[in-house]
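Chemist: Here is a sequence with its predicted model. Questions after.
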Amino acid sequence: MTLGNWVSAATAALATAGVESARLEAQLLAAHALCEERTWVLTHADAIVPEHILDPLLARRVGREPLAYILGYREFYGRRFLVNPSVLIPRQETETLVETALSLPDGPLTVLDLGTGSGVLAVTLKLERPSWSVTALDVSLEALMVAQQNAESWGATIRFRLSDAFAALGQERFDLIVTNPPYIGTSEPLMPEVASFEPHLALFAGALGLTFYERLAMEGREHLTPRGRMMMEVGFTQAAQVKGLFVESGWTHEATVPDLSGTPRVVVVAALP
């Protein structure tokens, strides 16, 4: 079979399975299987391809396994990061959290990435602000292993700790805490790629998705310096609830930042008025 014919057949199969951007994903699967770039796939439609290598990857995607897990990577903030089923797949909206952190005045800061997952926040912030001292925590050892690999591949010096939230920190304090915590309610409908493949520990936080924010409001103040801030990604309907939760707990709300689609995505709070 020619590459062009395979891509056409794969596009139809993916579309039937409910995959958006079916043709693009067919091209990316072909490129990955053939160890080529997508541009090569676009310009070599007449090439004869080994279907026994391509078809198993197609079957996985038709089964709605996330493309990022099949490819083994995801692009984030202009860099390629290793991902596997131990970690959530980075989303573009999380770049809003990066931009919000980078809007702080440049200069040495101590930074905590709480629930680092694949490490994209910690690694990106360290690379963009080399003067920052970055610590990354996660409750999952498997996730920490992925994050460490990403840090090593990008040459980012980060301190990694296995920890259930703040438990391993003792009395340590930071100038900035960033976190993309679990924030999905247990009854919220999800795409098959998320519900069946991404780690539930990093997804769900009680019936309304607010359980982890409640913990942050209770425990986070003890780990911020006097003028420190916490920046949190929130679900697309949660900004007002999270803001209210922190204000009721005595925090000062500094900002709510929208993502590129205009959805309130990052809530910024300070421990002191």
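Modeler: Nice, I can see it.
Chemist: Tell me how many other residues crowd the closest residue in space to residue 203 that isn't next to it in sequence.
Modeler: Spatial nearest neighbour of residue 203, chain neighbours left out: residue 184 (4.9 Å); criterion: C-beta to C-beta, 6 or more residues apart in numbering. All C-beta atoms are positioned from the backbone trio N, CA, C, and that covers glycine. The criterion is other C-beta atoms under 10 Å. On that basis, residue 184 has 20 neighbouring residues.
Chemist: Please name the residues that touch residue 184.
Modeler: 190, 203, 204, 205, 209, 235 (C-beta atoms under 8 Å, 6 or more residues apart in numbering).
Chemist: Let's see that with 7 Å instead.
Modeler: 203, 204, 205, 209, 235 (C-beta atoms under 7 Å, 6 or more residues apart in numbering).
Chemist: Also residue 68?
Modeler: 74, 83, 89.
Chemist: Tabulate those (CSV), appending neighbour count.
Modeler: Output for those, formatted as CSV (neighbours: other C-beta atoms under 10 Å):
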residue, neighbour count
74, 21
83, 24
89, 22
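Chemist: can you give me the strands in the stretch 51-200 of the chain?
Modeler: 73-76, 79-82, 110-114, 133-138, 159-162, 174-179 (DSSP state E, counting those that start in this stretch).
Chemist: possible to save these as CSV with mean pLDDT and distance to residue 99?
Modeler: CSV is the format used below for those (pLDDT from 0 to 100; distance: least, C-beta to C-beta, whole Å):
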stretch, mean pLDDT, distance to residue 99
strand 73-76, 96, 12
strand 79-82, 98, 15
strand 110-114, 98, 15
strand 133-138, 98, 17
strand 159-162, 97, 24
strand 174-179, 98, 11
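Chemist: Reformat these into TSV and put distance to residue 49 next to each item.
Modeler: As requested, the strands of the stretch 51-200 of the chain are exported to TSV (distance: least, C-beta to C-beta, whole Å):
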stretch	distance to residue 49
strand 73-76	22
strand 79-82	24
strand 110-114	41
strand 133-138	39
strand 159-162	41
strand 174-179	43
